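Asker: Let's see this in three dimensions:
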Amino acid sequence: MSDADAAGLPDFRRLPVREAIRWLAEHGEPEDPRPDIDTASLERRFPHLRGIETVEHTVDGAQGGVPVRLYRRPGAEARVALVWVHGGGFIGGHLDMPESNWVARELAARGIPVLAVDYTKCLGQAHFPAPSDDVLVAWRSAPALLGLPADRLVLGGASAGGNLAVGVAARVRDGAEGPLPGGLLAVYPALHANSANPGVPLDPASPHAQLALNFAGSVDALSDPHAFPGEGSGAGYPPALVVVCERDALRPSGESFAGSVRAAGGTVELHVEPGAAHGHIDQPGDAGALRTLDVVSDWLHARQG
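Answerer: From the prediction side, this is the model:
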């Protein structure tokens, strides 16, 4: 029996997308049934995470307040920091999920301050650009909250959060108000309308297609390079690290984007995590997740100059 079954929760991985959206819109985000992923449990499991300071903030967004959380290791004098956006298929996820909270604590423990960002979920009437707008306003606030100039900040995210991070960088590149980040981090990102097969028409019946259309809000928006930045030019991005998983159906999206940036003359590093599946950094202590965090940490530290 899975943790979800034991807690009496629906298995969102097996529910049709429309049913999952209806359930979440009606009931809200359920509590994660895993018993050892809360902060106290993480600190017991990983003593090096003890003492990380967190501060809750809210920045003003078009849809209301956007929750953000700042993580720091006391006494650490960093010259680079990360603005980090969790995933969740654009319909779920939050600041306490391991992909946000554990990842941020691990990187803060390694001397990299992190500003974790939440955003509007696409449930019911909300679609692009609502989540992107939230990440954009959080990004504009990041230099003041982190105390570093934008060229010392990396904007990054995982899965849907990777889409939003890269999409905000594309929007700023193309004229939206705000500074271009000093670097870009995308972990198993969904950057194309068809992230499993970039360039191939979507199968409307597939879960990937339904999630993409639910986020985009219309068929026309599926080709919007700010909604799905893999559909646009790879030119003009800051230096980037793209992490993909060997056993992830969305691996082609990250690889295609990295190739597009490279072909446009940009600087991009592609890391393939062997044996890993989509969502592996939402599993605290997973061997592949720890390797990925080592890669990310090393890349971020190298950006300190």
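Asker: which residues does Gly92 contact?
Answerer: Taking CB atoms under 8 Å, 6 or more residues apart in numbering as the criterion, Gly92 is in contact with 12, 24, 29, 121. Using the backbone N, CA and C atoms, a C-beta is placed for each residue, glycine as well.
Asker: Which of those fall in helices?
Answerer: Counting by DSSP state H, the part of the contacts of Gly92 found in helices is Leu24.
Asker: Of the contacts of Gly92, keep whichever come out buried.
Answerer: Among those, those classed as buried by 16 or more other CB atoms under 10 Å are 12, 24, 121.
Asker: isn't the last one right next to Pro131, touching?
Answerer: Meaning Lys121. Yes - in terms of CB atoms under 8 Å, Lys121 counts as a neighbour of Pro131; the distance is 7.2 Å.
Asker: Overlap of the contact sets of those two?
Answerer: Common neighbours of Lys121 and Pro131 (criterion: CB under 8 Å, 6+ apart): Phe90.
Asker: any weak-confidence spans in the stretch 1-150 of the chain?
Answerer: Along the stretch 1-150 of the chain, the parts satisfying pLDDT under 70 run over 1-9, 13.
Asker: can you pull out the strands in it?
Answerer: Remark: strands assigned in the stretch 1-150 of the chain by DSSP state E, counting those that start in this stretch are 53-61, 64-72, 81-85, 114-117.
Asker: what residues are up against Arg73?
Answerer: Residues near Arg73 by CB under 8 Å, 6+ apart: 51-53, 108-109, 111, 113.
Asker: Which of these has the largest number of neighbours?
Answerer: Ala108 (26 neighbours; other CB atoms under 10 Å).
Asker: Skipping adjacent residues, who's closest to Cys122 in space?
Answerer: Residue nearest to Cys122 in three dimensions, not counting chain neighbours: Phe90, with 4.5 Å by CB to CB, 6 or more residues apart in numbering.
Asker: Which parts of the stretch 101-250 of the chain are helices?
Answerer: 101-109, 130-146, 160-173, 207-216 (DSSP state H, counting those that start in this stretch).
Asker: The longest one packs against which elements?
Answerer: When you say that, I think you mean helix 130-146. Where contact means 3 or more CB pairs under 8 Å, 6 or more residues apart in numbering; DSSP states H and E, helix 130-146 is packed against strand 53-61, strand 64-72, strand 81-85, strand 114-117, strand 153-158, helix 160-173.
Asker: partners of the residue nearest to Leu148 when sequence neighbours are not counted in the sheet?
Answerer: Leaving aside its sequence neighbours, Leu148 sits nearest to Ala81 (CB to CB, 6+ apart; 5.4 Å). For Ala81, the beta-bridge partners under DSSP bridges are Leu153.
Asker: Give me the distance between Ala81 and Asp133.
Answerer: Ala81 sits 22 Å away from Asp133, going by CB to CB, to the nearest Å.
Asker: Those two: which is more packed in?
Answerer: Set side by side, Ala81 and Asp133 show more neighbours around Ala81, with 26 against 20, by other CB under 10 Å.
Asker: quick revisit: out of the helices of the stretch 101-250 of the chain, which is the most enclosed?
Answerer: When the helices of the stretch 101-250 of the chain are scored by mean count of other CB atoms under 10 Å, the highest mean neighbour count falls to helix 160-173 (a mean of 27).
Asker: Okay, domains of this structure per the record?
Answerer: Following automatic domain parsing, the chain resolves into domains at 1-33, 37-302.
Asker: Can you say which of the ones you listed is packed in most?
Answerer: Most buried of the domains of the chain, by mean neighbour count (mean count of other CB under 10 Å): domain 37-302, with a mean of 20.
Asker: That one: end-to-end distance?
Answerer: Distance between the two ends of domain 37-302: 30 Å, counting by CA to CA, to the nearest Å.
Asker: give me every residue that touches Gly305.
Answerer: Arg79 are the contacts of Gly305 under CB under 8 Å, 6+ apart.
Asker: I misspoke; the intended subject was Leu146.
Answerer: 70, 81, 83, 113, 115, 153.
Asker: Which pair of these spans the longest distance?
Answerer: Leu70 and Leu153 (12.5 Å; CB to CB).
Asker: ok, what's across the strand from the closest residue in space to Ser141 that isn't next to it in sequence?
Answerer: Spatially, and ignoring its direct neighbours in sequence, Ser141 is nearest to Val59 (4.5 Å; CB to CB, 6+ apart). Per DSSP bridges, residues listed as beta-bridge partners of Val59: Val66.
Asker: Relative to Ala249, how far out is Val59?
Answerer: According to CB to CB, Val59 stands 34 Å off from Ala249.
Asker: repeat for Tyr119
Answerer: The separation that Tyr119 has from Ala249, given CB to CB, amounts to 24 Å.
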